[in-house]
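Q: predicted coordinates and the sequence they were generated for:
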Amino acid sequence: MKILVVGKGGREHAIVWKLAQSDKVDKIYAAPGNVGMAEQAEIVPIEAEDLDGLANFAEKNKIDLTVVGPELPLTLGIVDIFESKGLRIFGPNKEAAEIEGSKAFAKVFMQKHHIPTARFKVFESHFEALDFVRTAGFPLVIKADGLAAGKGAVIVNNPDEAKATVENIMVERVFGEAGSRLVVEDFLVGEEVTVMAFTDGERVAPMISAQDHKRIGDGNTGPNTGGMGAYAPTNIVTESLMKQITEEILEPTINGLAAMGRIYTGVLYTGLIITDRGPKVLEYNCRFGDPETQVVLPLLESDLVEIFSDIIEGYLDINGIKWREAFSACVVLASRGYPASSEKGVPIEGLENCKSDSCVVFHAGTARKDDKYVTAGGRVIGVTAVNTTMKGALVRVYEGVDKIAFDGMQFRRDIGRRAGSVSTNYL
Ligand code: GLY
């Protein structure tokens, strides 16, 4: 098969890496890809939002399967365009992807289908939103309705912070049109985990759980980022909790969307919080998570091409998906200034020393200059290690990180520490 992967981050590199292990694959293209993928894929200079450009490429090159990494092309309707041309593509169509594209849609949907989530209100007028937050209880979470590159949710602790946030989003439009509506919801307390699932629109196969580390600093301090590391599986999501999440969240989501005529196929991402009243949905995404994919796919034993193909054909064999009895951890290396800014063109040393059976490097913001790898973005590289114990995975991943260096390199030293503190199976 000839496969096209759309996207350019660590998530997409992990997808390319896993697809390349399938004996069903003859050739992989990545658009726009990144230089790290060049070992497994041919890089095609078409941006992920250039839907017609991608469809023309797929037609001209007789691509058998296109896999979409990021949310923007999905919410813009890339699947609808490809399908109208008879091209096979993995991911939800535009209507189904609205589950991520509009927070207000997702919240109202959850309320209607009794899917556990925080209490909320939706506002279309900033006057009404300001009126509400003047007398509300705190803390609260204020979210821009549309896509905001992971930055659209703000925790506010008092009326002044709430007023400033409402004005930033709805009046200043710091996230553009994404701020034309607003969701205000209760702040929930608990442990956050990610559960993603493969689905053909009818059957749902949850993947192993993972935990992201969203803040820049150790101990969950400093500003939010796209994700500074992850580990999988978590010991928070026990077998019985996974059953509860499947029955109370994943299946009702897919069934509820189907009942609205929005058949959801692809990967459904749920960002969950495990409260003392059970698991609740913080957010849906219509795609694989990043960096979660960098720890989940290395533990997938089954052939990813087969899973994608089965989903497109409309029959996912949920009992046929096998996971390795192992643990994985990923540490993200970011450039100086991230998340506010990033440095480009800084030489990266030691990547060649970080190749082994137990350690793999996924590129995100890298480029080639004078025959060397250099930084080209905020999150530069993800280092992932797999081991038979979580402790082993964490030791190996930091051994890998120690071999890599670039000026201004930032990373967290406490990835997986929470996993270590709560279970004898771990550290
Ligand atoms: N790790 C968060 C996300 O993928 O949106």
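A: Received, thanks.
Q: list the contacts of residue 403.
A: Listed by C-beta atoms under 8 Å, 6 or more residues apart in numbering, the contact partners of residue 403 are 350, 353-354. Glycine gets a C-beta too; all of them are placed from N, C-alpha and C.
Q: find the closest residue to the ligand in the stretch 1-150 of the chain.
A: residue 150 (5.6 Å; C-beta to the nearest ligand atom).
Q: the residue lying closest to that residue once chain neighbours are set aside: what's it in contact with?
A: What sits nearest to residue 150 in space, not counting adjacent residues and going by C-beta to C-beta, 6 or more residues apart in numbering, is residue 226, at 5.5 Å. Each residue near residue 226 by C-beta under 8 Å, 6+ apart is listed here: 149-150, 290, 339, 378-379.
Q: ok, 7 Å please
A: 150, 290, 379 (C-beta atoms under 7 Å, 6 or more residues apart in numbering).
Q: what does residue 321 give?
A: 198, 205, 302, 307.
Q: let me know the secondary structure of it.
A: coil (DSSP: H, G, I helix; E, B strand; the rest coil).
Q: pLDDT score assigned to it?
A: Note for residue 321: predicted pLDDT of 98.
Q: do the same with residue 224
A: At residue 224, pLDDT is 89.
Q: counting neighbours, what do you get for the residue nearest to it when sequence neighbours are not counted?
A: Distances taken as C-beta to C-beta, 6+ apart place residue 214 nearest to residue 224, at 5.2 Å, with adjacent residues excluded. Residue 214: 16 surrounding residues under other C-beta atoms under 10 Å.
Q: just give me the neighbour total for the closest residue to the ligand within the stretch 201-350 of the chain.
A: Distances between the stretch 201-350 of the chain and the ligand by C-beta to the nearest ligand atom are smallest at residue 289, namely 3.4 Å. Using other C-beta under 10 Å, residue 289 has 23 other residues around it.
Q: also residue 52?
A: 10.
Q: grab the nearest non-local neighbour of it.
A: Nearest non-adjacent residue to residue 52 (C-beta to C-beta, 6+ apart): residue 81, at 7.2 Å.
Q: contacts only, for residue 145.
A: 102-104, 178, 180-183.
Q: how many neighbours does residue 121 have?
A: With neighbours defined by other C-beta under 10 Å, the count for residue 121 comes to 16.
Q: other SSEs contacting whichever strand or helix holds it?
A: Per DSSP states H and E, residue 121 falls inside strand 120-123. Counting contacts by 3 or more C-beta pairs under 7 Å, 6 or more residues apart in numbering; DSSP states H and E, strand 120-123 is packed against helix 103-112, strand 182-186.
Q: many thanks, have a good one.
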